[in-house]
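*Asks:* Dropping the sequence and predicted coords here.
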Amino acid sequence: MLLRLPSGQKIAISPVFPWESRNLQILRIRSGRSFNPDHVTTRLSLALLDALLHHARCRSLLDVGCGCGILALAAARLGVPFVVGLDISVVAVKISAQNALDNSFDGCPLWFVGTLDAVDHQFDCITANLPYHVIGQIKDDLARVLKRGGHLILSGFHDIHWNQLYNEFTTMGYSLQASLTGDRSFYGAPPSGSFTWMAVDLVFNGAGAEQTEEGK
């Protein structure tokens with residue numbers, strides 16, 4: 001399956017056909033046992049990332065829950081010079097590293113097994129395509145490792161969860177830059193009660209952090 005980003009970048013998702021494998025301009029991604037890169041949340045995240053890198057400066061990017069590495073590799077291919085992929089799954093990180101080798105990346109992205117607790121570097125941009133409850137658990141660490149003025153691309157949640165997330169993140173000092181929605185059908189009623197997934201691009205202005213310090 002071939003994805004085409006507005007920038008012109010093409011991404012082939014497994015199964016990758018022989019003619020796609022021979023085209024070095026196509027980013028080739030095999031998912032293995034990691035999260036399916038063809039999921040609507042991945043597509044929405046890629047669209048926001050592509051748009052962001054077209055108009056904003058991003059010299060460093062952290063992909064939290066990198067899975068097969070598709071977002072981190074897309075960022076590197078689109079010109080971000082320092083990219084890190086992080087996942088708690090050893091299997092996922094191995095798949096990401098193999099995808100990097102298959103696409104002739106050398107030294108970037110960097111791949112790590114672990115959680116945000118171990119990250120002490122601040123990034124211009126962060127992508128996090130994760131389940132709703134996980135986003136809630138790590139939101140403080142996301143703010144800690146994102147530079148002021150940086151962009152946070154979030155996905156992995158349904159539209160019915162957005163109001164709560166919006167309130168939490170605006171309180172922390174984020175503002176909404178862009179949002180996208182996409183539907184995915186289920187056999188029967190979806191577990192969350194909604195068919196519609198979301199992805200958002202949030203800008204961190206640090207106001208929430210300043211208010212916290214002043215209130216101490």
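*Replies:* Received, thanks.
*Asks:* switch to C-alpha atoms for all contacts and neighbour counts from now on
*Replies:* OK.
*Asks:* So for the chain, which residue is the most central one in space?
*Replies:* Centroid check for the chain by Cα atoms, centre = their mean gives Thr127 as the closest residue, at 3.0 Å.
*Asks:* following the longest helix along the chain, which helix or strand shows up next?
*Replies:* Longest helix in the chain, counting residues (DSSP state H): helix 40-55. Next helix or strand after helix 40-55 toward the C-terminus (DSSP states H and E): strand 60-64.
*Asks:* buried ones in that next one?
*Replies:* Of all the residues in strand 60-64, those buried under the rule 16 or more other Cα atoms under 10 Å are Ser60, Leu61, Leu62, Asp63, Val64.
*Asks:* could the residues you listed go into CSV alongside distance to Leu142 and pLDDT?
*Replies:* Listed next are those as CSV, based on distance: Cα to Cα, whole Å; pLDDT from 0 to 100:
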residue, distance to Leu142, pLDDT
Ser60, 14, 98
Leu61, 12, 98
Leu62, 10, 98
Asp63, 11, 98
Val64, 9, 98
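*Asks:* any idea where the strands of this structure begin and end?
*Replies:* 2-4, 10-13, 26-29, 60-64, 82-87, 110-113, 123-129, 146-158, 174-183, 196-204 (DSSP state E).
*Asks:* In JSON lines, list the ones you listed along with distance to Leu44.
*Replies:* Below are the strands of the chain laid out as JSON lines (distance: least, Cα to Cα, whole Å):
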{"stretch": "strand 2-4", "distance to Leu44": "12"}
{"stretch": "strand 10-13", "distance to Leu44": "14"}
{"stretch": "strand 26-29", "distance to Leu44": "17"}
{"stretch": "strand 60-64", "distance to Leu44": "15"}
{"stretch": "strand 82-87", "distance to Leu44": "18"}
{"stretch": "strand 110-113", "distance to Leu44": "23"}
{"stretch": "strand 123-129", "distance to Leu44": "10"}
{"stretch": "strand 146-158", "distance to Leu44": "8"}
{"stretch": "strand 174-183", "distance to Leu44": "6"}
{"stretch": "strand 196-204", "distance to Leu44": "6"}
